[in-house]
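Participant: coords please:
(4 chains)
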Amino acid sequence: MKIKLPLAITTIILVLMVADYFVKDPLLNPLVRDLTKAILIMTACAVGIGVIRLIKLNVDRITVRKTNRLESAITLIAFAAFVIVGAILGSGHPNYAYMFNTIIVPLDSTMFALSGFYMASAAYRAFRARSEEAFVLLLAGVVVMLGQAPVGEVLWSATPSLSQWIMDVPNTAGVRALIMGIAIGMLSLTIRMITGHEKGYLASGE
Amino acid sequence: MQQTPCGLIYQLFTVCVGDDLLEIAKGTLSCLVLLAACSILMIIMLYAARKGRVPKIRKIPAVDAIDEAIGRATEMGRPVHYSTGTGDFYGYDAMVTIAGISVLGYVAKKIAQYNTPLIVTFMSPEVEPVVADVVKQAYLAAGRPDAFKPDMIRFISQRQFAYATGVIGILNREKVAANVMIGHFMGEAMIIAEAGYMAGAVQIGGTANTIQLPFFVAACDYTLISEEVYAAGAYLSKDPLQLGAVAGQDWARLVGVVLIGIGTILATLGVTWVADILKL
Amino acid sequence: MISESVSILISAGLTLMAFSILYRENRAFRIAEYMYVGAGTGYGAVLSAKYVYDNVWIPVTKGETVWLLPFLFSLPLYFYFSKRYSWIYRIPMAAIIGVGTGVIVAADFKSRFTEQIRMTILPLFTAKDLYGSFNNIIIVFGVLGALMFFYFSREPKGPIRVLTTYGKYILMASFGAAFGQSFMGRLSLVIGRFQTLFEWPAWILVLTAFGIVAISVMRDLSSKKKPRSSA
Amino acid sequence: MAKKDNLSERLSKIDNRVIFLLLAICLGLPLLIPIGLPLGISTGTSSFYKYVEGLPSGSLVACVYEISASVSPEVYPQAVAVTAHLKSRNLKIVALGFSVTGPMFADNAFRDVFGASREHELYGKSFVNLGYIAGGEAAMKVFATNPRMVEKDFYGRDTKDMQILQEVSSPKDFKLMIVYSGDWMEPYVRQFGDPHGVPIASGVTSTIVPRIMAFYPAKIKGYLTGLRGAAEYELLVKRPGSALGGMDAQSAAHLLIIGLVIAGNAGYLVGRFRRKEA
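Facilitator: Predicted coordinates:
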């Protein structure tokens, strides 16, 4: 009951959803459309789980474990500020947008920008001719990198066209094979789920 | 369209099935046939395994490295961090997230035996119950239910880069010895992987997002490449039926290879039937 | 105007605090991290609440009470917190997973399998276009080789081994190319951050940060603390 | 001997934080002091520049701003550089937009280049901002038949008495139409280029360029490609700005990475060679 009922639900819904893609049916298609919308509502409702856990973890840190109390207090204050102001003013209010633009946007873009730095150090380590495969990686990486940058053309005039060729030909082939492999892998996982042999996502023990 | 072979096949199909019985959405017929063929091949392999014909699966080095990484963390007495990524249970990322959770079940069982600390993070709040349940059951199966602590499972934030920031903090502060990332990753893949390297962790990465895969290849010690992510759970479970489905993947692969082979030979001779049929 | 300066100062401060992780984990980064986690989760919660309000409450007030069902059906998810009945959460979760995966399985198989096969069917030789033929040969054998590279149930032998080795090189080239291609875009992000740091009140903070970093670097060097980054 | 070994070892194990510092310098310094690292001028940019150079002084140029916030980092610097060029050539600028946010960027560009927009003494004589014209391609068609259809400019002033608009009676009076956009160019070719023979030049994001190639050079006289096109134009009009600084930073950073990769490989290979020898 604890495992079989959820498995049966997943299987039935999965089969319905797949059938919906192939078949035009006045009964099935609207049903699946509504079901999809209902699931989006349900996942939105699930946000409370995260909220409860976040509050509990940080309150515990302040009251019970007494570690990183200042940081946890900051989390709770920032959280409360965004929730309360959002609830009172509404998410479209200009003052709320001001808060969003002042605190979240700079952190979003700074954290993403960190990847520029990290790519540099990763490239320094990974682009090393340890083996033949690594040499191919290095060559393709460096040529495409230079092909993008303005300085590449100055160093060697053929760089942009060579880089474009790598993107259009070997890269296309590689990505296409990866994508096809993903499709096959996903199908295999789906088959395992439908036949009830993949239970990993529903507590593998038992 | 009527005079081409494709048109004839389509007409034949509608005659057999009947117009009013089922109306196949336009442009999905070839997909339906291929999907059915591949599924049947996989199911046949799955049930062949049940009858005792267990297929041999080649070694997947990146998956074998997971044991090694757990061993290292145990020796050092430092925690293992497992991330199922920024995916949720809807759309493209759902399958990879499920595959990642499936591997997590194995990792948690192994860790429970060794008594090594474990930290699991994920982005979407709806993933939490599943992840917590899987880890709890793994500890139960290993006979150490008391060793499971709810704060092993850490929800950080459902905002993508806030999650990445939190993970960087955990990797640095908790002195993580092994960092396993299997699931859906986006722009944060590079950040987490390189921060993990700087924190001195052994890293195993795996994702089906082809745009982010190169970053894992560059920064991680081992990488599960696209398809291997989906097979990893079955490979680790050593369950013959699941292995059968993985062997079925090879048959589906051969379907693709043969179609491309025949199609290319015909196309070189100037016949484009195969490509046309696939348009149906 | 004042609010604008305040905004520039706060965001520049947070930017610098986040960038400080590049040197090492420290208190400033931790403060930014915890603030970000709290703010991001709070903002996300507000957006989710708004989604529920728009898609459940508003239709219900208009008489479409059926949309109350998904809301009610999501409540069992919270049984997760109960010790005894925690398995009940699996029922709505099974529905979520069924729809979430089912919504893409077939469409994805078409775009990632059928369509990719169709696009790979290319003529290997056309007399008019030798360059194109050459590229086609590389693509077709590259796709075949890389596909066979993942073959699970047997180690490759003979001519297949040649093909898979070629496929491995193609995969490596495509990883390298994808890595190289995104580098410039990511650098633009850094440039964008730097440009905001050079705006008027912000660069005061930059100078201060430089001072702090210089002092801590000197302290680290003089105490000969081994850098944490060496793996 | 021992010292050399040490060097190769060091080259193959540079600390991440040294790399970060070098990268920060390479990216930061050129932004403060643009150095003008060599930059190849692409054909689209040079034909754009030459076409503007070839216009007789005092000609009318229509500038269509289709810039939104998401494309502005790439396209807006182009608009500034081009406007500066138009100003230095004494050409008359009629700015307008068929998308809502566009004319705001036109206003910004005027402020950046002329120092002021509607307050400027030449406003209404050498340049004007007609603002947003609603209606998409249908509006373009109407504008093409009657360029004086706009009664109030972007700031709500009457356009009737403006000197610059007295010279416009048909679209043929525009000697060039420059479109800044992150979207396709076909509507402008359809509504202005084909029926009225208005020459078109465009400044676009780099993703749009492949689609422009179909019209170049027959219908589109020149095109600027993203931030890079802006930097090239800044170089041509000798007005180093944010784009050129950004390009310098990019070039410097890429050179740094190439240097690091070479250093790492050299160190690694020398180290391996020595180990084999020993």
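Participant: what ranges do the strands span in the chain?
Facilitator: By default, I'm working from chain A. Taking DSSP state E, the strands of chain A run over residues A:23-24.
Participant: was after chain D, sorry
Facilitator: Using DSSP E, strands in chain D cover D:60-66, D:92-97, D:127-132, D:174-181, D:200-204, D:220-225.
Participant: for residue D:36, find the nearest of these.
Facilitator: Evaluated over those, closeness to residue D:36 peaks at strand D:220-225, with 18.3 Å, by CB to CB. The way it works is simple: take the backbone N, C-alpha and C, and place the C-beta from them, glycine included.
Participant: residues contacting residue D:131?
Facilitator: The contact partners of residue D:131, by CB atoms under 8 Å, 6 or more residues apart in numbering or on different chains, come to D:96-97, D:103, D:150, D:152-155.
Participant: now do the residue nearest in space to the middle of chain B against residue B:109, distance only.
Facilitator: By CA atoms, centre = their mean, chain B has its centre lying nearest to residue B:230, at 3.0 Å. Look at residue B:230 and residue B:109: by CB to CB, to the nearest Å, they are 20 Å apart.
Participant: now residue B:46
Facilitator: In this view, residue B:46 and residue B:109 are 23 Å apart by CB to CB.
Participant: report the buried residues of stretch B:45-59.
Facilitator: The neighbour-count check on stretch B:45-59 (16 or more other CB atoms under 10 Å in any protein chain shown) flags B:45-46, B:48-49, B:54-55, B:57 as buried.
Participant: run through who's touching it.
Facilitator: Against stretch B:45-59 from outside (CB under 8 Å, 6+ apart): A:191-192, A:195, A:197, B:231, B:235, B:240-241, B:243-248, B:251, C:151-155.
Participant: for the buried residues of stretch B:45-59, which one is nearest residue A:24?
Facilitator: Of all these, residue A:24 sits closest to residue B:46, with 30.8 Å by CB to CB.
Participant: where's the closest one, which helix or strand?
Facilitator: helix B:29-50 (DSSP states H and E).
Participant: what about dumping the CA coordinates of that helix to CSV?
Facilitator: Extracted in CSV, the C-alpha atoms of helix B:29-50 (Å, rounded to 0.1, in the frame of the first residue of the first chain):
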residue,chain,number,x,y,z
LEU,B,29,3.5,8.9,-36.3
SER,B,30,7.2,8.1,-36.9
CYS,B,31,7.9,9.1,-33.4
LEU,B,32,5.2,6.8,-32.1
VAL,B,33,6.4,3.8,-34.1
LEU,B,34,10.0,4.3,-33.0
LEU,B,35,9.0,4.9,-29.4
ALA,B,36,6.9,1.7,-29.4
ALA,B,37,9.8,-0.3,-31.0
CYS,B,38,12.4,0.9,-28.6
SER,B,39,10.1,0.4,-25.6
ILE,B,40,9.2,-3.1,-26.7
LEU,B,41,12.9,-3.9,-27.1
MET,B,42,13.7,-2.7,-23.6
ILE,B,43,10.7,-4.6,-22.1
ILE,B,44,11.9,-7.8,-23.8
MET,B,45,15.4,-7.4,-22.4
LEU,B,46,13.9,-6.6,-19.0
TYR,B,47,11.9,-9.8,-18.9
ALA,B,48,14.7,-11.8,-20.4
ALA,B,49,16.7,-10.8,-17.4
ARG,B,50,13.9,-12.0,-15.1
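Participant: tell me which of the buried residues of stretch B:45-59 is nearest to residue D:30?
Facilitator: Nearest to residue D:30 among the buried residues of stretch B:45-59 is residue B:57, at 52.9 Å by CB to CB.
Participant: you'd agree that closest one is in a helix?
Facilitator: No. Using DSSP: H, G, I helix; E, B strand; the rest coil, the assignment for residue B:57 is coil, not a helix.
Participant: need phi/psi at it.
Facilitator: Here is the backbone geometry of residue B:57 (degrees, to the nearest 10): phi -110, psi 130.
Participant: what about the closest residue to it other than its chain neighbours, how many residues nearby?
Facilitator: When the adjacent residues along the chain are set aside, residue B:57 lies closest to residue C:152, with 5.2 Å between them (CB to CB, 6 or more residues apart in numbering or on different chains). A count of neighbours around residue C:152, defined by other CB atoms under 10 Å in any protein chain shown, yields 22.
Participant: residue C:152 is in contact with residue B:246, isn't it?
Facilitator: Yes. Contact criterion CB atoms under 8 Å: residue C:152 and residue B:246 qualify, at 5.5 Å.
Participant: mutual contacts of these two, please.
Facilitator: Taking CB under 8 Å, 6+ apart as the contact criterion, the common neighbours of residue C:152 and residue B:246 are B:57, B:231.
Participant: so who does the residue nearest to the centre of chain B touch?
Facilitator: By CB under 8 Å, 6+ apart, the residues touching residue B:230 are A:182, A:185-186, A:188-189, B:95-96, B:99, B:208.
Participant: cool, and residue B:78?
Facilitator: By CB under 8 Å, 6+ apart, the contact set of residue B:78 is B:117, B:174-177.
Participant: any chance of CSV for those residues, columns distance to chain D and neighbour count?
Facilitator: Listed next are these as CSV, based on distance: CB to the nearest CB, whole Å; neighbours: other CB atoms under 10 Å in any protein chain shown:
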residue, distance to chain D, neighbour count
B:117, 26, 18
B:174, 20, 14
B:175, 18, 15
B:176, 17, 25
B:177, 19, 23
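Participant: pull the number of nearby residues for the closest residue to chain D within chain C.
Facilitator: The nearest approach of chain C to chain D comes at residue C:22, 4.6 Å away (CB to the nearest CB). Using other CB under 10 Å, residue C:22 has 21 other residues around it.
Participant: this completes my enquiry, with thanks.
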